[in-house]
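Asker: sequence unknown, structure follows:
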């Protein structure tokens, strides 16, 4: 990942256009939609449908793996300017319909299929959405534009469970899942507005784009240098479920009951998402002013501190709050910087493919991080697991300082 001299970029007079705002709204509405269902899924699968924890883990594990592969496939598809808007809106519709349809299921295998379809749709739309966003923004405002998108996503992660909690007591679990279709379809409308503005800005070049990954061209453009620190970062990016589990354990170790510890840990998790939303906006501005490389490095350092806090055997309430808050800041800064540096480092004609490879790197790294940390936790202890994750974050910061891309 190389330093990008943002001082030479022309500052946009109005970077927050209706299109950029619409992308943020799309992420907020879509995340609210599928988080409504996700928050109800454990109880629905294990209680209503009679599945077990293994079934729930398998459903999410397969869906996450398919997301990474579909992001890779979505990159070349989004290279066609005339197609990327339809690809983005179709992906949002597919996610909304498949997610809400889980409420119709009567067997665990049906949930697995619909969850997989929803997450494949998420993966396919992601490179198209990110490329639309770079079409809408000037180079000097890429960071802030991606900060808006990431902030919307994190706010949706707060709004979705809160909506589900409010609605499930009135309408029941299945009907609350049906209602999740509404914000999902609003997301499709919002991204359509953004795609129309993008087409008006850049036009629709004649000719069709090839569907290959163009790996040689991406290598020559320096994508490998960009992805190495990102891969290390993602190999240390633990699933929030492990953070919730650790926070719960810290509180129980201080004498809290399981129910009280669980409730507080969930509230602290909501605070984590709020911190991530704020950090996304701050990180976007910092990326535009000082470069995404600095922002990314700061994210890695903050994550190291967060994981060391979680690794400490004591701390209870303070440890849970501080660890979650720092992790929220780290992910908000890190994800925003990752997208911004790809946008700034890779030529426009290759950008959608680069976003696809970025998505695959994130998915594979996240799965690997959680699986290995889970094994270390089970075989040894939580401190070793979080120390392992902190080590990868440190590697990402060190590699960032050692590697220089061709854009330096």
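Answerer: Looks like it came in fine. These figures come from a predicted structure and were not determined experimentally.
Asker: look at residue 14 and give its secondary structure.
Answerer: For residue 14, the secondary-structure state derived from DSSP: H, G, I helix; E, B strand; the rest coil is coil.
Asker: gap between it and residue 281?
Answerer: 17 Å (CB to CB, to the nearest Å). Where you see a C-beta, it was placed from the backbone N, CA and C, and this is true even at glycine.
Asker: the two: who's more crowded?
Answerer: Set residue 14 next to residue 281 and count neighbours by other CB atoms under 10 Å: residue 281 wins out with 19 against 8.
Asker: tell me how far that one lies from residue 158.
Answerer: Taking CB to CB, one finds residue 281 at 15 Å from residue 158.
Asker: list the contacts of stretch 216-234.
Answerer: 1-2, 296, 299-300, 303, 334, 338, 341-342, 345-347, 350, 353-354, 357-358, 361-362, 364-366, 368-369, 392-393, 395-397, 399-400, 403-407 (CB atoms under 8 Å, 6 or more residues apart in numbering).
Asker: so for that stretch, mean pLDDT?
Answerer: Regarding stretch 216-234, the rounded mean pLDDT is 87.
Asker: 57 is where my numbering starts, stick with that
Answerer: OK, 57 is where the count begins now, so the last one is stretch 272-290.
Asker: buried residues in that stretch?
Answerer: 273-274, 277-279, 281-290 (16 or more other CB atoms under 10 Å).
Asker: just the helices in the stretch 307-456 of the chain please.
Answerer: 314-346, 348-367, 372-401, 404-435, 438-458 (DSSP state H, counting those that start in this stretch).
Asker: to residue 128, which of those helices lies closest?
Answerer: Among the helices of the stretch 307-456 of the chain, the nearest to residue 128 by CB to CB is helix 404-435 (4.4 Å).
Asker: any of the contacts of stretch 272-290 buried? List them.
Answerer: 57-58, 352, 355-356, 359, 390, 394, 397-398, 401-402, 406, 409-410, 413-414, 417-418, 420-422, 424-425, 448-449, 451-453, 455-456, 459, 461, 463.
Asker: quick one: what helix or strand has residue 294 in it?
Answerer: For residue 294, there is no enclosing helix or strand under DSSP states H and E.
Asker: counting neighbours, what do you get for it?
Answerer: Residues near residue 294, counting by other CB under 10 Å: 25.
Asker: let me see the contact set for residue 337.
Answerer: By CB under 8 Å, 6+ apart, the neighbours of residue 337 are 200, 203, 204, 207.
Asker: so who does the nearest residue to residue 74 once chain neighbours are set aside touch?
Answerer: Computed as CB to CB, 6 or more residues apart in numbering, the closest residue to residue 74 that is not its neighbour in sequence is residue 253, at 6.3 Å. With contact taken as CB under 8 Å, 6+ apart, residue 253 is in contact with 73, 74, 75, 78, 192.
Asker: any weak-confidence spans in the stretch 157-306 of the chain?
Answerer: 259-269 (pLDDT under 70).
Asker: can you give me the helices in it?
Answerer: So, for the stretch 157-306 of the chain - with DSSP H, counting those that start in this stretch - the helices run 164-192, 198-227, 229-235, 237-258, 271-276, 279-291, 296-309.
Asker: can you list the buried residues in the last one?
Answerer: Right, helix 296-309. Buried, per 16+ other CB under 10 Å, within helix 296-309: 296, 298, 299, 300, 301, 302, 303, 304, 305, 306, 307, 308.
Asker: I figured residue 90 hits residue 154, correct?
Answerer: No. Applying CB atoms under 8 Å as the test, residue 90 and residue 154 come out as separate, 9.2 Å apart.
Asker: tell me, what's touching those two both at once?
Answerer: Common neighbours of residue 90 and residue 154 (CB under 8 Å, 6+ apart) are residue 174.
Asker: mind checking which of the two has more residues around it?
Answerer: residue 90 (27 against 22).
Asker: now that one: closest residue in space that isn't a chain neighbour?
Answerer: residue 155 (4.8 Å).
Asker: quick one, which of the helices of the stretch 157-306 of the chain gets closest to residue 435.
Answerer: helix 296-309 (14.6 Å).
Asker: between that closest one and helix 372-401, how many degrees?
Answerer: Counting by axes from the mean of the first three to the mean of the last three CA atoms, to 10 degrees, helix 296-309 lies at 160 degrees to helix 372-401.
Asker: from the chain's centroid, how far away is helix 296-309?
Answerer: 21 Å (CA atoms, centre = their mean, to the nearest Å).
Asker: and for stretch 152-165?
Answerer: So, by CA atoms, centre = their mean, the centroid of stretch 152-165 is 23 Å from its chain's centroid.
Asker: again with stretch 104-114
Answerer: 24 Å.
Asker: which positions within that stretch qualify as buried?
Answerer: Buried residues in stretch 104-114 (16+ other CB under 10 Å): 105, 107, 111, 112.
Asker: can you pull the contacts of residue 223?
Answerer: Here residue 223 is in contact with 92, 231, 232, 235 (CB under 8 Å, 6+ apart).
Asker: and residue 133, by the same measure?
Answerer: 139, 140, 143, 180, 183, 184, 267, 408.
Asker: what's the ChimeraX line that selects buried ones from those?
Answerer: In ChimeraX, selecting the buried portion of these, with burial taken from 16+ other CB under 10 Å, looks like this:
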select :139,140,143,180,183,184,408
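Asker: format the contacts of residue 133 as JSON lines; extra columns: distance to residue 127.
Answerer: As requested, those are exported to JSON lines (distance: CB to CB, whole Å):
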{"residue": "139", "distance to residue 127": "16"}
{"residue": "140", "distance to residue 127": "14"}
{"residue": "143", "distance to residue 127": "12"}
{"residue": "180", "distance to residue 127": "8"}
{"residue": "183", "distance to residue 127": "6"}
{"residue": "184", "distance to residue 127": "10"}
{"residue": "267", "distance to residue 127": "15"}
{"residue": "408", "distance to residue 127": "11"}
